[in-house]
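Undergrad: Structure for this input, please:
(one chain, ligands or ions: 1)
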Amino acid sequence: DDGDVLLKFRTSLSNDAVLSGWNTSRSPPCTGNRANWFGVMCDDSGAVAGLQLEDSSLRGLIDVDALLQLPKLRSISFANNSFDGPMPQVNRLTALKSLFLTDNRFSGEIPDGGFSGMKYLKKVYLGRNQFTGPLPDSLVKLPKLLEVSVAGNRFSGKIPNFKQRDLQVVDFSDNEFVGKIPKSLSKMGANSFAGNVGLCGKPLQPCKSTRNPLLIIAIVIAAVVLLAGVVAVFFILRARRGTKSLKPQRLPSQNNKRHASAPAAHRNNKVQSADHGADQAAHSYKKDDNGGSLVFVRDDRERFDLQDLLRASAEVLGSGSFGSSYKANIASGQAVVVKRFRQMSSVGREEFHEHMSKLGRLSHPNLLPLVAFYYRREEKLLISDFVENGSLASHLHSNHSPGKPGLDWPTRLKVIKGVARGLAYLYKELPNLTLPHGHLKSSNVILDRNFEAVLSDYALAPVMNKDHAHQFMVAYKSPEFSQWDNTSSRKTDVWSMGILILELLTGKFPANYLKQGKGANADLATWVNSVVREEWTGEVFDKDMKGTRNGEGEMLKLLKIGMECCEWNLEKRWGLKEAVEKIEELKVRDSNAEEDFSSYASEGDMYSSRGVSEDDFSFSVTH
Ligand SMILES: Nc1ncnc2c1ncn2[C@@H]1O[C@H](COP(=O)(O)OP(=O)(O)OP(=O)(O)O)[C@@H](O)[C@H]1O
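TA: Take a look at the predicted model:
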């Protein structure tokens with residue numbers, strides 16, 4: 001059976017201490033769709049459907065013959081290990097849908113037929129190995145290919161013409177490719193081709209047919225002169241105005257005097273000029289940039305203009321997966337948050353404007369109001385209110401002290417209820433979006449002074465560049481996106497909420513979020529399983545969570561709701577409505593405190609005394 005096959009597979013690996021828990025006499029690899037063994041993913045029939053053996057320093061041989069005996073195997077990942085030698089003969093695994101070999105030391109040319117016959121293969125990640133030679137023909141011809149990354153190898157030759165219409169993610173960066181980028185790929189982002197000195201054509205620089213050395217020298221001299229001029233003008237203006245920018249270099253307190261003297265005449269909501277002194281953005285906000293001005297998407301806020309914003313003292317709040325966020329104190333005393341997005345270049349001005357206006361019409365106590373935006377083709381700024389009390393992530397994961405205790409249970413319950421209500425509102429107001437939020441995670445839940453949850457970074461998927469979204473947004477880390485079929489579903493945000501619930505209750509950070517970019521395929525299933533499988537002894541709850549007395553039964557209910565939301569199988573996973581209803585039913589204290597507490601206690605004992613089995617988490621929770 002699958003267990004024996006996996007044990008056979010293990011024998012050809014070395015450094016396999018991480019697989020020491022694989023033991024058929026203790027448990028089979030799968031019980032239903034729940035995995036009992038590290039790195040194994042199971043389908044509903046209890047068969048092994050995926051292997052996710054990542055970050056484990058594994059070496060040795062990948063025994064394809066053994067894998068061939070796992071008839072339901074659809075996805076394998078050996079990302080971030082120490083495998084070397086030629087690419088394994090994966091094409092014998094004809095039913096495979098996803099293949100992740102990123103971050104190993106595989107080397108040499110991949111034979112032309114290296115992927116032939118793989119009719120179902122959708123995702124191929126070979127990045128950061130030592131592959132050489134041209135891309136194999138069979139890879140280019142994979143009929144179902146959606147995502148391919150070969151970044152960080154030494155592949156050479158021309159990039160072939162990938163003809164798949166649905167290709168969504170490509171990454172050829174940091175190789176030795178040369179020549180013109182084929183037309184079929186010209187709509188992809190420039191980052192996908194960066195780091196190949198010999199590449200040209202859209203989206204990179206146009207290819208030059210003849211090279212006249214004199215012309216090149218003349219262009220270089222002209223560019224240097226121009227640059228010197230721009231730098232000189234820039235410094236002169238900066239010295240004259242004494243203004244600074246959104247550059248995160250001054251704290252508000254240092255800047256208050258300047259605020260007091262900021263000329264009110266600028267407050268006309270139009271950009272007059274935009275020297276704002278930031279190094280990387282020095283050229284950014286120019287008058288000739290279609291006369292760009294801040295566009296306010298709601299009427300109930302005091303107006304300010306870009307100039308006010310650029311003059312404001314700014315404090316960096318953090319750098320996320322899209323760009324940096326700043327808190328800016330504008331002269332009027334208002335504090336706003338400015339978030340820079342560089343990965344929104346695929347939508348036009350009108351489409352962007354329309355979507356932002358739609359977001360500006362949203363209004364709910366659990367939603368961070370979008371106030372204004374600024375549009376440039378290469379970069380957008382989204383401006384929203386500043387919320388005082390920091391993110392849920394910072395409350396859960398930063399060090400606690402007597403003066404700064406962890407969030408107690410009643411507060412955590414209030415937070416998750418707020419999250420649920422905010423989501424429910426988004427679902428109601430944005431019926432046409434598959435991902436009404438799309439990026440729900442603890443740093444995007446901000447707490448106000450009453451510890452009420454406020455959701456940020458919502459509904460951005462429609463304006464985000466696809467490949468970037470796929471790599472970084474939380475929704476795309478859900479099982480349906482990261483491992484299986486890229487099925488869009490209105491249940492995906494429910495999964496993100498499930499992860500958030502588990503994080504909220506356990507205080508554990510879902511580690512795979514940290515792996516952005518690298519091992520981007522990784523979903524959080526392993527983490528979810530570890531929460532309940534390895535550490536469930538009744539001590540699963542965050543030790544920093546106070547105020548739990550007589551609330552344990554309700555906490556347990558929330559944990560089970562979290563698990564239901566994280567259900568891999570989309571059909572079985574709750575819809576948002578059901579999840580929200582269950583969360584709304586929760587109370588701070590168990591309804592019949594004493595009685596419920598004893599029943600919870602015996603349940604907890606039961607788990608800890610006999611370990612956890614599939615049935616323990618079959619979620620037949622009686623609410
Ligand atoms: N309106 C706001 N008020 C207060 N803090 C905010 C606000 N918006 C964002 N923050 C905080 O600023 C920090 C940086 O946020 P940012 O959104 O840039 O990155 P992130 O949430 O960590 O990642 P991502 O870019 O993937 O959303 C986070 O800690 C976030 O909680």
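
Undergrad: Count the residues that sit near the nearest residue to residue 440 once chain neighbours are set aside.
TA: Excluding the flanking residues, the one nearest residue 440 by CB to CB, 6 or more residues apart in numbering is residue 496, at 4.0 Å. For the C-beta atoms, the positions are set from N, CA and C on the backbone; glycine is no exception. A count of nearby residues for residue 496, using other CB atoms under 10 Å, gives 27.

Undergrad: ok, now residue 236?
TA: Other residues near residue 236 number 11, with proximity taken as other CB under 10 Å.

Undergrad: Now do the SS call for it.
TA: With DSSP: H, G, I helix; E, B strand; the rest coil as the basis, the three-state label of residue 236 is helix.

Undergrad: how near is it to the ligand?
TA: Applying CB to the nearest ligand atom, to the nearest Å, the value for residue 236 to the ligand is 33 Å.

Undergrad: hang on, the earlier thing: I'd guessed the residue nearest to residue 440 sits against residue 444; true?
TA: No. In this structure, residue 496 is not within contact of residue 444 by CB atoms under 8 Å, at 9.6 Å.

Undergrad: sorry, back to before: what separation do you get for the residue nearest to residue 440 and residue 422?
TA: Using CB to CB, to the nearest Å, we find residue 496 at a distance of 12 Å from residue 422.

Undergrad: now swap in residue 376 and tell me
TA: Residue 376 sits 30 Å away from residue 422, going by CB to CB.

Undergrad: quick one, which of these two is more surrounded?
TA: Comparing residue 376 with residue 422 by other CB under 10 Å, the one with more neighbours is residue 422, at 25 against 17.

Undergrad: Going by residue numbers, what spans are strands in the stretch 1-150 of the chain?
TA: With DSSP state E, counting those that start in this stretch as the criterion, the stretch 1-150 of the chain has strands at 13-14, 30-31, 34-35, 40-42, 48-52, 59-60, 75-77, 84-85, 98-100, 105-109, 123-125, 130-133, 147-149.

Undergrad: Could you name the helices and strands sitting against the first one?
TA: Secondary structure elements in contact with strand 13-14, counted by 3 or more CB pairs under 8 Å, 6 or more residues apart in numbering; DSSP states H and E, are strand 59-60.

Undergrad: who touches the strand it packs on?
TA: Strand 59-60 has contacts (CB atoms under 8 Å, 6 or more residues apart in numbering) with 12, 13, 14, 15, 16, 81, 82, 83, 84.

Undergrad: among the residues you listed, who's most crowded?
TA: Neighbour max across the contacts of strand 59-60 (other CB under 10 Å) = residue 81, 24 neighbours.

Undergrad: Just the pLDDT for the closest residue to that one other than its chain neighbours.
TA: Computed as CB to CB, 6+ apart, the closest residue to residue 81 that is not its neighbour in sequence is residue 58, at 4.1 Å. pLDDT recorded at residue 58 is 91.

Undergrad: residue contacts, residue 58?
TA: Counting by CB under 8 Å, 6+ apart, residue 58 makes contact with 13, 14, 15, 16, 18, 78, 81, 82, 83.

Undergrad: Could you rerun that using 7 Å?
TA: Residue 58 makes contact with 13, 15, 16, 78, 81, 82, 83, according to CB atoms under 7 Å, 6 or more residues apart in numbering.

Undergrad: Name the nearest residue to the first one, ignoring sequence neighbours.
TA: To tie it back to what came earlier, the one meant is residue 13. Spatial nearest neighbour of residue 13, excluding adjacent residues (CB to CB, 6+ apart): residue 60 at 4.3 Å.

Undergrad: what about the one you found, distance to the ligand?
TA: With distances taken as CB to the nearest ligand atom, residue 60 is found 36 Å from the ligand.

Undergrad: Next, count neighbours for that residue.
TA: Residue 60 is flanked by 17 other residues according to other CB under 10 Å.
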